[in-house]
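Engineer: show me the folded form of this:
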Amino acid sequence: MTPIIIRNARILTLAGSLGARRGAEMKSLGVFPQGEALIGADGKIADVGTRVENVPADAQTIDAAGRVLMPGFVDCHTHLCWAGSRMDEWQAILNGETYLDLLKKGGGMLATVRAVREITRNQLAANLRARLDDVLRNGTTTVEIKSGYGLTLEAEIKMLRAIQRAATDWAGTVVPTALLGHGVEGSNADEYAKMVVRDILPEVLREFPKIAVEAHCDLGAWSLEACVRLLEKARKHLPIRAGADQFSCTGMAPEAVRLHAACVAHLEGTTKEQLLALAESPVIAVLTPLTGLHLNQRFTRGGYIAEKGGAVALATNCNPGTSPSCSMPLAIATAVRFCGMDVEEAIVAATINPAHVLGLTDRGTIEPGKRADLLLLHHKDERLLAYEMGGNPVATVICGGKIV
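Structural biologist: Prediction:
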């Protein structure tokens, strides 16, 4: 691999923290106003600073011309693996129906479940591979992708294998998640949840022994008791994550803290008291502001969580029904407008903090020894990431030391 030297850049290193950034730390970007970064032949950051010495003679030179160089985006909460279309449902929502109304009629995520079951693993993987190219163009170099649209053992395994297949020749990093607590098959929700814990979880663990397991607690999803039962069982072997309170406050956020989950996502309906308790815990709050932008204009108070000392991450929640976007720049712009976050907090929440959600400590900052997942923006001022809406601010994407 050819070394790369990037000169004359405004570098956001985000260096100086061993774990996820919390509270006031989320305002620090570790800026070199005019600096250089050297990427070694091993695909890692070799040096960064105002001036880099000992540049290899064969290094490729990139003149940033004063533009921003920053870590690649990490999107830690998506449903990128799906089939079918929910355009008609979106039209119904525009005409006054709610997502929960559609779910009761067998629509919503259940429509996607049917579509996923009807196509092959190879078709699922091909659909996902095309979306991954869009993800990369928008600056996301690491992306989490959930199952959860299968509900049966066969369909869940098919999704996880499709995610694995689509990731094999992609330049970035895909982190799969077994979203086993999502929808319900049949009329008895409690019996279905018990079956998932008894039958599906062990089979997923057998084929994917290191995968994280997630449960989503809300109206139209799993009950608090069912989510706790699944996560209690899973955490004996695997990392666990939770989603909660998109539509109502369920009590899942305090349980996520008690269970030592890596994160709890959504949180639009979580009470202020529970957000405070979350902020005082090690659990990272994952905000999905594009869901509120698309669906119902409800947003999580991310600025409040950070103000109270918490750690916040941003994600697109990209899916066909409630968040049809893979743009982390748009998530940043939305979070600054509607979640009470500063630009600096939103950038931290889109890079180093979501990396820690996924248990990845080798990325999210520009420091020697870290994986060279970098973005060179079109802009000379990082605030334009939040100021502009709808465009693509990314000029160049570097994944693992390669320009892609």
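
Engineer: surely Leu179 meets Ile211?
Structural biologist: No - Leu179 is beyond contact range of Ile211, at 10.4 Å (criterion: CB atoms under 8 Å). Backbone N, C-alpha and C define where each C-beta goes, glycine included.

Engineer: when these two are compared, which one has more neighbours?
Structural biologist: For Leu179 and Ile211, the more surrounded residue by other CB atoms under 10 Å is Leu179, and the numbers stand at 24 against 21.

Engineer: now that one: closest residue in space that isn't a chain neighbour?
Structural biologist: Nearest non-adjacent residue to Leu179, counting by CB to CB, 6 or more residues apart in numbering: Gly148, 3.1 Å away.

Engineer: ok, now which ones touch that neighbour?
Structural biologist: Residues near Gly148 by CB atoms under 8 Å, 6 or more residues apart in numbering: His79, Met109, Glu156, Met159, Leu179, Leu180, His182, Gly183, Glu214, His216.

Engineer: OK, contacts around the second one?
Structural biologist: What that stands for is Met109. Listed by CB under 8 Å, 6+ apart, the contact set of Met109 reads Leu103, Gly148, Tyr149, His182, Gly183, Gly321.

Engineer: how much space between it and His216?
Structural biologist: For Met109, the distance to His216 equals 10 Å [CB to CB, to the nearest Å].

Engineer: any shared contact partners between these two?
Structural biologist: In contact with both Met109 and His216: Gly148, His182, using CB under 8 Å, 6+ apart.

Engineer: Cys81 reaches Glu144, doesn't it?
Structural biologist: No - look at Cys81 against Glu144 with CB under 8 Å: they stay out of range, at 11.0 Å.

Engineer: what sits in contact with each of those two?
Structural biologist: Counting by CB under 8 Å, 6+ apart, nothing touches both Cys81 and Glu144.

Engineer: Asn188 - how many residues pack around it?
Structural biologist: Neighbour count for Asn188, taken as other CB under 10 Å: 11.

Engineer: tell me who's in contact with Leu103.
Structural biologist: The neighbours of Leu103, taking CB under 8 Å, 6+ apart as the test, are Met109, Leu110, Gly220.

Engineer: so which helix or strand takes in it?
Structural biologist: helix 99-104 (DSSP states H and E).

Engineer: what's the offset of that helix from the middle of its chain?
Structural biologist: How far helix 99-104 lies from its chain's middle: 25 Å, per CA atoms, centre = their mean, to the nearest Å.

Engineer: how about it, which residues are buried there?
Structural biologist: Residues Tyr99, Leu102, Leu103 are the ones in helix 99-104 that count as buried (16 or more other CB atoms under 10 Å).

Engineer: now, which of those sits nearest Leu18?
Structural biologist: Closest approach between the buried residues of helix 99-104 and Leu18, by CB to CB: Tyr99, at 39.7 Å.

Engineer: OK, contacts around the closest one?
Structural biologist: Going by CB under 8 Å, 6+ apart, Tyr99 touches Ile93, Gly108, Gly220, Phe247, Leu295, Asn296, Gly321, Thr322.

Engineer: can you redo these as TSV with pLDDT and secondary structure?
Structural biologist: Shown next, in TSV, are those (pLDDT from 0 to 100; DSSP: H, G, I helix; E, B strand; the rest coil):
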residue	pLDDT	secondary structure
Ile93	84	helix
Gly108	82	coil
Gly220	85	coil
Phe247	92	coil
Leu295	89	helix
Asn296	90	helix
Gly321	92	coil
Thr322	92	coil
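
Engineer: how about low-confidence regions in the stretch 1-150 of the chain?
Structural biologist: Applying pLDDT under 70 to the stretch 1-150 of the chain picks out no residues at all.

Engineer: so which residues of it form strands?
Structural biologist: Along the stretch 1-150 of the chain, counting by DSSP state E, counting those that start in this stretch, strands occupy 4-12, 31-39, 45-49, 60-63, 68-71, 73-75, 140-146.

Engineer: ditto for the stretch 151-300 of the chain
Structural biologist: For the stretch 151-300 of the chain, the strands defined by DSSP E, counting those that start in this stretch occupy 173-181, 212-217, 240-244, 263-266, 284-287.

Engineer: picking up where we left off before, quickly compare the strands of the stretch 1-150 of the chain and say which is most buried.
Structural biologist: Between these, strand 73-75 has the highest mean count of neighbours, a mean of 32, where neighbours are mean count of other CB atoms under 10 Å.

Engineer: give me the contact list for it.
Structural biologist: Contacts for strand 73-75 (CB under 8 Å, 6+ apart): 135, 138-144, 315-316, 318, 326, 328-329, 350-352, 354-355, 357-358, 360, 363-364, 375.

Engineer: separation between Gly150 and Arg161?
Structural biologist: In terms of CB to CB, Gly150 sits 11 Å off from Arg161.

Engineer: the two: which is more packed in?
Structural biologist: Gly150 (24 against 18).

Engineer: for the more buried one, which non-adjacent residue is spatially closest?
Structural biologist: Excluding the flanking residues, the one nearest Gly150 by CB to CB, 6+ apart is Glu156, at 3.8 Å.

Engineer: from Ala350, how far out is that neighbour?
Structural biologist: Glu156 is 29 Å from Ala350, by CB to CB.
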